[in-house]
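*Asks:* When you get a sec, could you give me coordinates for this:
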Amino acid sequence: MEKNTNEEMLDRYAEFGMRRSPKGLKGRVLNSAPQLDSLLGSAGATIVDLSDIYDSAERVNKVARMLDQILEYFQFQEDSEDLRLMIVVEEAHLWTSKDLPKDAIRFLDSAARLLRKKGVGVMLVSQKISDFDPAMRSAMNISIVFRTKYEGDLKAIARIVGSEVSAITAKLPVGYSIFHLADVGDPFVVAWRPTYSQP
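*Replies:* Numbers count the residues shown, from 1 in each chain. Coordinates of the predicted model:
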């Protein structure tokens, strides 16, 4: 929500036709789940900060309850191809922890599939592809892979999109990624425009 002050990123603005005038984003940071009406009616981003909860099972449980409320609300809504809401689940690897029952990751997978029909996107952010089991990876319509040299991920990438792409992944410069749309075809390299807000 603060404007970008990273000089290296500011220097790249011209490459993307951006004026050198960074700005912060509208939004709010909460420590507990907002009322759903408030969430759907707000402009900008709503961040639910759970960093004060150290127990990973408790964190997953809180996110699961929020997703359950959202599922309950949208089950009575018409299906939609328009994006109504975007949910980003950071540290998605917590859902696959050995300490949690297998039902946790099944619930997340099911919630993402059901909400997609209602115009609610669910983005799972994790550091390794191997955090997600093969069945879940196959259901992901869009995969964005940044540079990695982790052998387990390179093997997973090779299985999904081929060994040539896997070899490129290990050499990607900062600000680039492999973008794969499962329904469209071949993956391609994307240069990401720098952000106006603080990275």
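*Asks:* for this protein, longest helix please?
*Replies:* Among the elements of the chain assigned as helix by DSSP state H, the one spanning the most residues is helix 56-74.
*Asks:* Quick one: mean pLDDT for it?
*Replies:* Regarding helix 56-74, the rounded mean pLDDT is 89.
*Asks:* helices and strands around that helix, which ones?
*Replies:* If you count contacts as 3 or more Cβ pairs under 8 Å, 6 or more residues apart in numbering; DSSP states H and E, helix 56-74 packs onto helix 36-41, strand 85-89, helix 103-117. Any C-beta I mention is one placed from the backbone N, CA and C, and that applies to glycine too.
*Asks:* Against A14, how distant is A182?
*Replies:* 34 Å (Cβ to Cβ, to the nearest Å).
*Asks:* Compare the two and say which is more crowded by neighbours.
*Replies:* Ranked by neighbour count (other Cβ atoms under 10 Å), A182 and A14 place A182 first, with 15 against 10.
*Asks:* residue closest to the middle of the chain?
*Replies:* Central residue of the chain (Cα atoms, centre = their mean): M123, 3.2 Å from the mean position.
*Asks:* Quick check, pLDDT for that one.
*Replies:* 87.
*Asks:* So which residues make contact with the host helix or strand of it?
*Replies:* Element membership for M123 (DSSP states H and E) is strand 120-124. Residues from elsewhere that reach strand 120-124 (Cβ atoms under 8 Å, 6 or more residues apart in numbering): 70, 74, 83-89, 92, 108, 111-112, 115-116, 132, 140.
*Asks:* how near is the spatially closest residue to M86 that is not a sequence neighbour to I168?
*Replies:* Excluding its sequence neighbours, the residue lying closest to M86 (Cβ to Cβ, 6 or more residues apart in numbering) is G121, at 4.6 Å. Separation of G121 from I168 (Cβ to Cβ) stands at 27 Å.
*Asks:* Next: L30.
*Replies:* Distance from L30 to I168, by Cβ to Cβ: 39 Å.
*Asks:* Poorly predicted segments of the protein, please.
*Replies:* For the chain, the stretches with pLDDT under 70 are 133-139.
*Asks:* my read: R59 touches A92, true?
*Replies:* No - in this structure R59 lies outside contact range of A92 using Cβ atoms under 8 Å: 11.2 Å.
*Asks:* who's more crowded, these two?
*Replies:* Neighbours were counted for R59 and for A92 using other Cβ under 10 Å; A92 has more, 21 against 17.
*Asks:* Touching, that one and K128? I think so.
*Replies:* No - counting by Cβ under 8 Å, A92 sits too far from K128 to count as a contact (10.2 Å).
*Asks:* What count of nearby residues applies to S166?
*Replies:* S166 - counted by other Cβ under 10 Å - has 20 other residues nearby.
*Asks:* so what's the backbone phi/psi at it?
*Replies:* The phi and psi values for S166, taken as degrees, to the nearest 10, are phi -60, psi -40.
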